[in-house]
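Peer 1: Return a 3D structure for these sequence lines:
(chains A and B)
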Amino acid sequence: GENVEQHPSTLSVQEGDSAVIKCTYSDSASNYFPWYKQELGKRPQLIIDIRSNVGEKKDQRIAVTLNKTAKHFSLHITETQPEDSAVYFCAENNFNKFYFGSGTKLNVKP
Amino acid sequence: GAVVSQHPSRVICKSGTSVKIECRSLDFQATTMFWYRQFPKQSLMLMATSNEGSKATYEQGVEKDKFLINHASLTLSTLTVTSAHPEDSSFYICSAPRTLNNEQFFGPGTRLTVL
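Peer 2: As a prediction, this is how the structure comes out:
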């Protein structure tokens, strides 16, 4: 969406390497930043989220960092596996509406 | 987690006809639901916010007379694509937030194909 910019649009990594996807937002009032994984033809699945009072959150191989001053947040996936291959979207919660980034197609090569 | 259903999952219709898509929250009440449209290889674009008991609010560029939204109850919102045209062919997804923590729960989506 126009409120959120996401980079890169595509990302290829070797199995076992790390992957980083970055998003920037514009509205300083935004307070909730989820990341979704979407497989072809299916609904988005929440994989991790972070709120504006926290700088970092980790869940096993997945972590999200938030820099409120710079208005950007990032998804970090370590020890990538082929099943991590999918499209990932960041989102921003703005007045209880959700605006999505443009998506990153992650390809993990075995 | 919470469950949101959508019906139908797929629909094929002729140009000029209207199609109704239902979104239901199965185990929680949702005063607000959201409707998104997703074209192939693109992101989810917010179309409108469905509000129980009041009119829907539409995002800029979305025609309210073409995409009719009715939030009939605390568990049901419907999106009607009126006078559908081939360019309306898309994946339509609804979502409902749990207001306590803002987490969104998505429906499985409806694949609309207009011939």
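
Peer 1: Determine if any part of stretch A:28-35 is in contact with chain B.
Peer 2: Yes: using Cβ under 8 Å from any Cβ of the partner chain, stretch A:28-35 comes into contact with chain B via A:Tyr32, A:Pro34. C-beta here means a position set from N, CA and C on the backbone, and glycine is covered the same way.

Peer 1: Need the CA coordinates for that stretch. CSV is fine.
Peer 2: Output in CSV follows, covering the C-alpha atoms of stretch A:28-35 (Å, rounded to 0.1, in the frame of the first residue of the first chain):
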residue,chain,number,x,y,z
SER,A,28,4.2,8.0,13.3
ALA,A,29,0.8,7.1,14.9
SER,A,30,1.1,3.5,13.6
ASN,A,31,1.5,1.2,16.6
TYR,A,32,1.3,-2.4,15.3
PHE,A,33,3.4,-4.1,12.7
PRO,A,34,2.7,-7.7,11.6
TRP,A,35,4.4,-9.8,9.1
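
Peer 1: ok, and what's touching it?
Peer 2: Stretch A:28-35 is contacted from outside by A:3, A:21, A:23, A:25, A:46-52, A:62, A:64, A:66, A:68, A:71, A:73, A:75, A:88-95, A:98, B:102-104, using Cβ atoms under 8 Å, 6 or more residues apart in numbering or on different chains.

Peer 1: Could you tell me which residues of chain B lie near chain A?
Peer 2: Applying Cβ under 8 Å from any Cβ, we find that chain B lies next to chain A at B:32, B:34, B:36, B:42-46, B:49, B:91, B:93, B:95, B:97, B:102-104, B:106-109, B:111.

Peer 1: Filter the residues you listed down to the ones in strands?
Peer 2: Counting by DSSP state E, these place B:32, B:34, B:36, B:44-46, B:49, B:91, B:93, B:95, B:97, B:104, B:106, B:111 in strands.

Peer 1: for chain B, what are the nearby residues on chain A?
Peer 2: Residues of chain A found near chain B (Cβ under 8 Å from any Cβ) are A:1, A:32, A:34, A:41-44, A:46, A:49, A:89, A:91, A:93, A:96-103.

Peer 1: Going through the residues you listed, which ones are buried?
Peer 2: By neighbour count, with 16 or more other Cβ atoms under 10 Å in any protein chain shown, the residues of chain A next to chain B hold A:1, A:32, A:34, A:43-44, A:49, A:89, A:91, A:93, A:97-103 as buried.

Peer 1: which one of those sits closest to B:Val81?
Peer 2: A:Arg43 (19.2 Å; Cβ to Cβ).

Peer 1: next one: phi and psi at the closest one?
Peer 2: Dihedral pair for A:Arg43: phi -70, psi 160, per degrees, to the nearest 10.

Peer 1: Same check on B:Asp88?
Peer 2: As for B:Asp88, its main-chain torsions (degrees, to the nearest 10) stand at phi -80, psi -10.
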